[in-house]
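Peer 1: pasting the structure only:
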């Protein structure tokens with residue numbers, strides 16, 4: 001077996017997307033989505049991209065990223081697959097070891113698997129990918145947490161919020177879709193609590209019209225909700241945030257439903273709500289239910 005591992009962006013993006021799509025049982029990816037995960041990552045780095053090829057055919061792929069988050073130097077495996085017919089032949093091990101060395105050389109002191117803030121494909125390892133979970137364990141990773149995705153049927157409810165918005169208008173609250181002129185105010189709001197979500201908001205603001213809904217009180221932007229800011233075109237909702245000045249008024253419900261109406265108008269039948277914390281909120285207001293669980297894996301790098 002003559003396996004060649006190259007470093008750098010894939011020579012054939014379409015073939016790489018087909019390879020990944022073929023070897024993931026519970027997820028699907030296309031060329032546009034793969035380009036988003038690679039090139040449009042705010043810290044895109046071709047030195048962390050590795051492709052294994054045998055006789056001209058892709059048999060393995062791994063893409064990593066580096067992030068400095070809240071004072072911690074993280075390195076992530078962001079995407080990975082080995083051809084189903086080539087597993088247990090050390091291809092994954094070679095790919096991972098090359099990526100780990102690069103991540104450590106670039107300063108990473110803590111490694112994680114898939115749950116990459118700013119731009120991610122899945123928020124951890126779905127344990128149904130048993131081989132992936134076992135491989136991560138073999139490479140020294142340990143489970144430290146889990147994350148949840150929820151899903152809601154866009155045809156199950158009426159998402160109209162005009163009545164609620166009229167009531168809030170009496171209290172000086174205005175709700176509308178964001179425009180490019182709101183970028184500065186949005187950035188300032190994000191800096192207060194939600195800095196890690198800035199890239200997703202920026203991606204959603206690039207849509208025409210922007211896939212961002214906002215709320216003001218006393219002419220100050222104090223809440224936002226987003227869809228199509230990550231994994232574009234696949235029906236993902238979020239993120240969403242409300243400043244304390246607007247909490248308790250039902251603002252989250254209104255902003256969420258405005259986004260869901262957008263997605264319904266675009267032809268989506270379901271909305272995915274990823275990496276969820278307030279499960280009861282989404283269950284109550286939009287009848288969402290948990291449809292996937294992800295295990296978050298971590299490996300500490302010993303430093304001398």
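Peer 2: Okay, I see it. Just so we're clear, the structure is a prediction, and the values are computed from it rather than from any experiment.

Peer 1: in a helix, residue 262, correct?
Peer 2: Yes. Residue 262 forms part of a helix when assessed by DSSP: H, G, I helix; E, B strand; the rest coil.

Peer 1: from what I see, it and residue 212 are in contact.
Peer 2: No. Here residue 262 does not reach residue 212: they are 9.8 Å apart, not a contact under CB atoms under 8 Å. Quick note: C-beta positions are derived from backbone N, CA and C, even for glycine.

Peer 1: more neighbours: which of these two?
Peer 2: residue 212 (28 against 23; other CB atoms under 10 Å).

Peer 1: how close does the closest residue to the more buried one other than its chain neighbours sit to residue 167?
Peer 2: Computed as CB to CB, 6 or more residues apart in numbering, the closest residue to residue 212 that is not its neighbour in sequence is residue 178, at 4.0 Å. Applying CB to CB, to the nearest Å, the value for residue 178 to residue 167 is 22 Å.

Peer 1: over to residue 61?
Peer 2: Per CB to CB, residue 61 is found 52 Å from residue 167.

Peer 1: okay, these two: which has more neighbours?
Peer 2: Here residue 61 and residue 167 are set side by side on neighbour count (other CB under 10 Å), and the busier one is residue 61, at 24 against 12.

Peer 1: close enough to count as contact, that one and residue 53?
Peer 2: No. Taking contacts as CB under 8 Å, residue 61 lies outside contact range of residue 53: 9.8 Å.

Peer 1: before we move on, what SS does the residue nearest the centre of the chain have?
Peer 2: The centroid of the chain falls nearest to residue 120 when counting by CA atoms, centre = their mean (3.4 Å). Three-state call for residue 120 (three-state DSSP): coil.

Peer 1: next, the contact list for residue 51, please.
Peer 2: 5-6, 10-11, 16, 58, 60-61 (CB atoms under 8 Å, 6 or more residues apart in numbering).

Peer 1: now a PyMOL select for only the buried ones of these.
Peer 2: Those of these that count as buried under 16 or more other CB atoms under 10 Å are selected in PyMOL with:
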select buried, resi 10+16+58+60+61
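
Peer 1: could you pull out the buried residues of stretch 29-37?
Peer 2: 29, 33-34, 36-37.

Peer 1: no, scratch that, I was asking about stretch 64-76
Peer 2: In terms of neighbour count (16+ other CB under 10 Å), stretch 64-76 has its buried residues at 64-67, 73-76.

Peer 1: so what touches that stretch?
Peer 2: Contact with stretch 64-76 is made by 41, 43-45, 48-49, 77-78, 99-100, 102-104, 106-118, 196, as judged by CB under 8 Å, 6+ apart.
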